[in-house]
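> Sequence below, structure please.
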Amino acid sequence: PLRWVYPYFPVLPQFLLSLVECPQPIMLGITSDWLSDIPSYILSDFVVVDCDTGNIDARNSTFEPFPVAIERELCSSVRAFLRTTLHPKQTLSDDPKILSQGIDKKNHGRDQYRNAEYLLRMNFMRALSDLLYGYTDCLFFLAEYTTAFNSERFLTDYCREEYVAFNKRF
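Prediction:
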């Protein structure tokens, strides 16, 4: 199964902002006011998603944007997480989407934060699994330690039409 093994900070404290210089893939959540504190040469390697406006800024020309449906769902999930984190008095338990996912309506405070983070992680995993559905059916073992991936089969037989451009790059 696919697992994100790199650092992930849903909401990064400002004193840790130097982590943007980390030489590996990293997922960070920061307030847009802090972007001016990050040197532009560093931002050129980032995909910046503004969850307030829904804009995605990819200064790197090789970036293929997420399919629109996935982008909307992820931005919505991040907004919900931030709303819960920044305004803990608001309750998740009144949201029908959350209730349908089996989150306990009695949870408050720290449990509510955990529930929000859990939903955020699950939405990212759902998006990745949607993008990569059928991937393993297109892997073939040629020898004991050698595999081959049939990308043509994956893109034509398994990949949704709106995901093809993204998955070709991915």
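> Number of residues surrounding Tyr163?
Using other C-beta atoms under 10 Å, Tyr163 has 20 other residues around it. The C-beta positions use only the backbone N, C-alpha and C, and glycine is treated the same way.
> Tyr163 contacts Val68, doesn't it?
No: the pair Tyr163 / Val68 is not scored as a contact, 10.5 Å apart, by C-beta atoms under 8 Å.
> Would you point out the helix or strand in the protein whose mean pLDDT is lowest?
helix 96-100 (a mean of 49; mean pLDDT, DSSP states H and E).
> Give the next helix or strand downstream of it.
As assigned by DSSP states H and E, the chain's next helix or strand after helix 96-100 is helix 109-132.
> can I assume Asp50 is in contact with Asp33?
No: here Asp50 does not reach Asp33: they are 11.5 Å apart, not a contact under C-beta under 8 Å.
> Compare those two (neighbour count), which wins?
Per other C-beta under 10 Å, whichever of Asp50 and Asp33 has more neighbours is Asp50, with 13 against 8.
> The closest residue to that one other than its chain neighbours: how many residues sit nearby?
Closest residue in space to Asp50, ignoring its immediate chain neighbours: Ser32 at 5.9 Å, by C-beta to C-beta, 6 or more residues apart in numbering. Here the number of neighbours of Ser32 (other C-beta under 10 Å) works out to 12.
> Kindly report the same for Phe66.
20.
> For the protein, give me the ranges with low pLDDT.
Residue ranges of the chain with pLDDT under 70: 1-3, 54, 56, 58-64, 85-110.
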